[in-house]
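Novice: Show me the folded form of this:
(2 chains)
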Amino acid sequence: MIGRVLPALVAGLLLIFLLSPDSFAPLFRPFTRNGAPPIYGQTSLLALTLSHLAIVAVAVIASTLVALVLAVLVTRPSGREFLPLARTVTSVGQTFPPVAVLALAVPVMGFGTAPTLVALFLYGLLPVFENTLAGLTGQPPEVAEAARAMGMTDRQRLWQVELPLALPLILAGMRLTAVISMGTATIGSTVAAKTLGEVIIAGLLSSNTAFVLQGGMVVGIIAVQIHHLFQRFESRAARAAGQGV
Amino acid sequence: MIELRHLTRVYAGVPVVDDVSLNVPEGEITALVGTSGSGKTTLLRMINRLVEPTTGQVLIGGQDVAGQPVHLLRRRIGYVIQGVGLFPHHSVARNIATVPRLLGWPPAQIGARVDELLQLFQLDPATFRNRMPHQLSGGQAQRVGVARALAARPDLLLLDEPFGALDAIGRARAQADLRGVQRQLGTTMILVTHDINEAVQLGDRIAVMDHGRILQHDRPERILTDPATPFVQALIGPGERAFHLLSLSAVLGMTQPGQAQGPAIPREASLRDALAECLWSGRDALPVEGGGIVTLAALRAHARQAPE
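Specialist: Here you go, the predicted structure:
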């Protein structure tokens, strides 16, 4: 019960804050000094949040699509030899710091959203790829055998058996990617992408803790919400796949 | 008729199936029996091309299976495996409907076929149609697995240790079910098993395999009374032979006129059951349902037909 009410309550509070940030000014005033503004006002927090979410959504969808296709390809008999390569690419994507990706991408792509999308895309490949791989390879061998023996074509097996059974794990990978990207997207504001990082950076530059808190909290709360939402999808998908209860 | 012609399958230089030729008559159950590693499963899997033969041919109804698109071939051949392999994300009805759906049957016809098969396997359609595989017992899942394999009315059903995962009671029931269904539908079946008992119970013919070769292929009585090699004899187990032989015939054929005390035995019961009942109840003769008796002396005489 509490697991459902609490997130809903927090989500409601967040919405009120985004729609009318100034009504929360008294709460943030203790974190300011020398009469600095307690609420970030350069850009509307709501607009920044929506832009932040849009960037994350595009990046997550792009990494999911690419990671899915990669994982499917390297689990086919003809693509198996590319598995080590795909693993290396996605691992490098994860280990290469997003800040460095930004630094490298800006000279090529210019300031703005594009470098951020690239950084998030690369950073988000690994969880979806590895989870999809685990989902596709960890299926009961007798199920794969039955699908072959019933006369399903390779494509029918993929769409009707393998992907539906891997769905819970694929969703778990997307959840990780989305949550990581929510936080990582903030650094996009260092290269002028419109994200909630703007609030945090403004707070750091002007030594205004209230701004840092606002930016950080909005990002954190949304990340937790996304986490919950995906978990709900996952358990639904797991039930549909005949796993668990 | 299914003809296997000089089938050989080599793995890493070692022949797992070695030049096997076998004719499987239509409408019968042929049991492939052997120890593990004898090549019986590989032989079976070459029939629906889950394994491609290194050399040799499989002919079904005179047609070489190698010339047909493999997915179309498999849709015409039912296949049952030990782990059953029901699709965990599909309901019982959807599982059974797998091949008919692949073949593009109209939905109404598929629905009717699913219910018909559930009834055939004594699973109430209203109760079981929408169950998920994880809600089934082992025996129920196994029956659904056989129903799925039979859904598109295949002419040939391949079974690989189909009852291996069931307990003794479930296995006896599943064997009786399979026998009944086979009698009713007349489907040609090839059954792989390591259990000579199961082979004798179910097989119209038995092919004994060892080291990739068929040592003997014959009616069960002949295998029991006249084993071709010491291996076949060892597989049967000399101590069991008389009982296997008795289990092949029903009481019906051995009844003689007369009167006997005690409860009657069903006409379909095997001679082995009759012997067990005689020994257990200490009687020399049992009344048979519907008239007549079966005597211990007659059972003894029948069992001794086995030459030493």
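
Novice: and stretch A:148-159, which residues are buried?
Specialist: A:148-153, A:156-158 (16 or more other CB atoms under 10 Å in any protein chain shown). C-beta here means a position set from N, CA and C on the backbone, and glycine is covered the same way.

Novice: okay, among these, which ones form the most distant pair?
Specialist: Using CB to CB, these span at most 16.2 Å, a distance reached by A:Ala149 and A:Leu158.

Novice: Quick one: list the elements packing against the one helix or strand A:Val92 maps to.
Specialist: Assigned by DSSP states H and E, A:Val92 belongs to helix A:83-95. Helix A:83-95 is packed against helix A:45-74, helix A:113-137, with contacts defined by 3 or more CB pairs under 8 Å, 6 or more residues apart in numbering or on different chains; DSSP states H and E.

Novice: Out of these, which is closest to A:Ile2?
Specialist: Closest among the helices and strands packed on helix A:83-95, once you apply CB to CB, is helix A:45-74, at 26.0 Å.

Novice: and that closest one with helix A:113-137, angle?
Specialist: In terms of direction (axes from the mean of the first three to the mean of the last three CA atoms, to 10 degrees), helix A:45-74 departs from helix A:113-137 by 40 degrees.

Novice: Could you list the buried residues of helix A:45-74?
Specialist: So, applying 16+ other CB under 10 Å, buried residues of helix A:45-74: A:45, A:48-49, A:51-53, A:55-56, A:58-60, A:62-64, A:66-68, A:70-72, A:74.

Novice: What residues does chain A have near chain B?
Specialist: A:140-153, A:156, A:161, A:164-165, A:240-243 (CB under 8 Å from any CB of the partner chain).

Novice: can you tell me which of those residues are in helices?
Specialist: Among the residues of chain A next to chain B, DSSP state H puts A:141-149, A:156, A:164-165, A:240 in helices.

Novice: tell me the two of those that are most distant?
Specialist: Farthest apart among those - using CB to CB - are A:Ala149 and A:Ala240, which lie 23.8 Å from each other.

Novice: State the distance from the residue lying closest to A:Ala241 once chain neighbours are set aside to A:Pro168.
Specialist: The shortest distance from A:Ala241 to any non-neighbouring residue, by CB to CB, 6 or more residues apart in numbering or on different chains, is to B:His89 (4.4 Å). Using CB to CB, to the nearest Å, we find B:His89 at a distance of 10 Å from A:Pro168.

Novice: so what sits against both of those two?
Specialist: Shared contacts of B:His89 and A:Pro168, defined by CB atoms under 8 Å, 6 or more residues apart in numbering or on different chains, are found at A:Ala241.

Novice: Which residues of chain B lie near chain A?
Specialist: B:48, B:50, B:70-76, B:79, B:81-90, B:98-99, B:102, B:132-134, B:148.

Novice: so where's chain A uncertain?
Specialist: A:1, A:244-245 (pLDDT under 70).

Novice: so who does the spatially most central residue of chain A touch?
Specialist: Centroid-nearest residue in chain A: A:Ala178, 1.2 Å away (criterion: CA atoms, centre = their mean). Going by CB under 8 Å, 6+ apart, A:Ala178 touches A:56, A:60, A:124, A:223, A:226, A:230.

Novice: and the helix or strand encompassing it, how far out from the chain's middle?
Specialist: Using DSSP H and E, A:Ala178 falls within helix A:163-184. Distance, stretch centre to chain centre, for helix A:163-184: 8 Å (CA atoms, centre = their mean, to the nearest Å).
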